[in-house]
Structure formats: structure tokens, C-alpha cells
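Visitor: using only what follows, build the 3D model:
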Amino acid sequence: MPEPKLNTISSRAARATWALPEAPDAAELNGIFRMCRLIEPELSAKACLLHTDAQLDELEAGIGRFLDTTAETDEIYRAHRAFHTRLLAPAATAWDLRVLTPLWQETDRSVRAWMNRLGIHPAVLPGQPACRELLASFRTRDPEVARAACLRELDDNADRLRQFFAQAN
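Guide: Next up is the predicted model:
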């Protein structure tokens with residue numbers, strides 16, 4: 001088994017480049033999603049109990065910012081990441097966010113690289129309702145429902161990236 005590339009994520013995240021040659025391979029992406037699956041579902045299970053209805057309403061109102069096909073691409077990615085950060089924030093420690101941030105940056109960068117190569121605008125990415133479903137799971141105030149919705153979204157995103165790899169290669 002090859003040695004892990006420990007500096008891969010941090011060095012890639014530090015560079016604000018979206019060039020396809022920098023995109024991680026499938027094994028690296030699997031590792032990123034494996035780490036997210038260890039952290040995000042547990043934070044979702046806790047955060048769903050901590051949000052107020054007003055906060056969830058505010059989050060729902062913001063979903064349109066990353067589904068707007070007329071918006072700048074950078075704004076779409078910022079709005080989408082802000083949504084997920086705010087969704088987990090009530091349960092997340094600063095350390096949780098320090099660990100998740102480079103993982104999220106790498107997945108965002110990878111998605112962006114593949115979408116650019118395939119000519120797909122991020123606001124029309126299939127599967128965007130997953131964010132609405134995740135938010136709806138928080139409204140149930142049931143940690144198991146929120147945990148399961150988070151896992152589904154992560155798995156769907158990983159599958160989508162695998163499809164991008166297949167289409168682009």
C-alpha cells in the first residue's frame with residue numbers, strides 16, 4: 001500500500017487553483033469522503049436539536065443563492081459552503097471546523113474542476129435537492145433522521161464525483 005500523501009490536502013487547499021491536473025484521484029476522494037462520513041453525520045445529529053425554527057428558516061431562504069443560474073460561480077460555491085457550515089455550526093467546535101474546512105475545500109475544488117471540464121454550471125448540478133432534504137431532516141429534530149440524511153448526501157456527492165471521473169476520462 002502506498003504511503004499517504006499527508007501534505008496533499010493542505011497544500012492543495014492553500015493554492016486557490018482549480019486546474020484539473022491538480023484534482024485528486026479516486027482513492028484520495030474516497031479518503032476525503034470517509035473522513036467527512038466520520039464527522040458530519042454526528043454533528044448533524046447534534047445540530048438538529050440546537051437550531052431554532054428561525055435559524056432553519058433563514059438557512060432555507062439562503063438555498064436559492066447556490067441554485068441561481070445567473071450567479072457568479074464563486075458566489076455559488078461560497079453560498080453552498082456557508083449553508084453547510086451554518087447548518088453544523090451549533091454542534092461544531094472550532095476544531096471540528098478546522099478539520100472539515102480543508103476536506104470541504106478539496107471536495108469543492110474537485111467538483112469545480114470536473115464541472116469546468118464537463119461544461120456544467122454548478123447551479124444546475126443534479127441532486128441539489130439533497131440540501132433541502134438535509135435541512136428538512138433537521139426540522140424533524142430527530143438525530144437519527146438528520147444523521148441518515150447527512151450520510152445520504154455525502155454518499156450521493158461521492159457517487160456524483162465518481163460519475164464525473166468516468167465522464168471526463
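Visitor: please pull out the lowest mean pLDDT helix or strand from the protein.
Guide: helix 8-14 (a mean of 47; mean pLDDT, DSSP states H and E).
Visitor: I'd say Leu134 and Leu87 touch.
Guide: Yes: with contact defined as CB atoms under 8 Å, Leu134 reaches Leu87; the gap is 7.1 Å. The C-beta positions use only the backbone N, C-alpha and C, and glycine is treated the same way.
Visitor: what's the overlap in contacts for the two?
Guide: Here Leu134 and Leu87 share the contacting residues Ser44, scored by CB atoms under 8 Å, 6 or more residues apart in numbering.
Visitor: counting neighbours, go ahead and name the busier of the two.
Guide: With neighbours defined as other CB atoms under 10 Å, Leu134 and Leu87 compare such that Leu87 has more, 25 against 22.
Visitor: can you read off the pLDDT for Phe33?
Guide: Phe33 carries a pLDDT value of 94.
Visitor: in what helix or strand does it lie?
Guide: Per DSSP states H and E, Phe33 falls inside helix 26-47.
Visitor: which elements pack onto that helix?
Guide: On a contact count with 3 or more CB pairs under 8 Å, 6 or more residues apart in numbering; DSSP states H and E, helix 26-47 meets helix 73-88, helix 94-118, helix 129-139, helix 143-168.
Visitor: now do it against helix 129-139, angle only.
Guide: 30 degrees (axes from the mean of the first three to the mean of the last three CA atoms, to 10 degrees).
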